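Asker: sharing a model that was predicted from the sequence below.
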Amino acid sequence: QVQLVESGGGLVQAGGSLRLSCAASGRSFSTYAMGWFRQITGKERESVGLISANGGFTYYADSVKGRFTISRDNAKNTVWLQMNSLKPEDTAVYFCAARTGIVSTRDRVYDYWGQGTQVTVSS
């Protein structure tokens with residue numbers, strides 16, 4: 001069992017930056033692939049950044065490549081999403097998620113989810 005708690009969301013102007021954190025409790029964090037997803041009201045949840053259990057592989061959605069960076073520290077049981085050059089279209093609720101095995105862009109295969117943190121980017 002893994003519990004995930006996101007933090008770091010908020011209101012920021014376009015062009016600004018935010019750093020989201022996801023703190024995990026429970027066992028064996030280092031064995032879980034982690035992902036950041038976002039959901040805009042009325043739309044499906046989409047993957048934003050994914051990272052393998054050992055941090056050696058990362059994936060980014062085309063819409064955030066070059067602007068967002070996912071990282072993790074298994075000793076601290078934490079995964080981050082650094083978001084730079086934010087745009088109004090990045091406004092969403094951001095969730096972190098964990099699954100055993102390899103990363104996946106499919107949200108339905110993730111076993112554990114945080115409660116989400118709101119990111120609002122004003123123009």
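Answerer: Received it, and whenever you're ready, just let me know what you need. Residues are numbered from 1 along each chain as shown.

Asker: and the most centrally placed residue in the chain, bridged to which residues?
Answerer: Nearest to the geometric centre of the chain sits Trp36, at 2.1 Å (C-alpha atoms, centre = their mean). Beta-bridge partners recorded for Trp36 (DSSP bridges): Gly49, Cys96.

Asker: list the contacts of it.
Answerer: With contacts defined as C-beta atoms under 8 Å, 6 or more residues apart in numbering, Trp36 is in contact with 20, 22, 47-50, 70, 79, 81, 94-97. C-beta coordinates here come from the backbone N, C-alpha and C atoms, glycine included.

Asker: switch the cut-off to 7 Å
Answerer: Each residue near Trp36 by C-beta atoms under 7 Å, 6 or more residues apart in numbering is listed here: 20, 48-49, 70, 81, 94, 96.

Asker: format those residues as JSON lines; extra columns: neighbour count and distance to Gln118.
Answerer: Below are the contacts of Trp36 laid out as JSON lines (neighbours: other C-beta atoms under 10 Å; distance: C-beta to C-beta, whole Å):
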{"residue": "Leu20", "neighbour count": "25", "distance to Gln118": "11"}
{"residue": "Val48", "neighbour count": "25", "distance to Gln118": "14"}
{"residue": "Gly49", "neighbour count": "28", "distance to Gln118": "18"}
{"residue": "Ile70", "neighbour count": "23", "distance to Gln118": "19"}
{"residue": "Leu81", "neighbour count": "27", "distance to Gln118": "14"}
{"residue": "Tyr94", "neighbour count": "24", "distance to Gln118": "8"}
{"residue": "Cys96", "neighbour count": "30", "distance to Gln118": "14"}
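
Asker: max pairwise distance over those: which two?
Answerer: Distance extremes for the contacts of Trp36: the farthest pair is Ile70 and Tyr94 at 11.5 Å, using C-beta to C-beta.

Asker: any stretches of the protein with poor pLDDT?
Answerer: Within the chain, not a single segment meets pLDDT under 70.

Asker: show me the strands in it, by range?
Answerer: 2-7, 10-13, 18-26, 32-39, 46-51, 58-60, 68-73, 78-83, 92-100, 112-113, 117-122 (DSSP state E).
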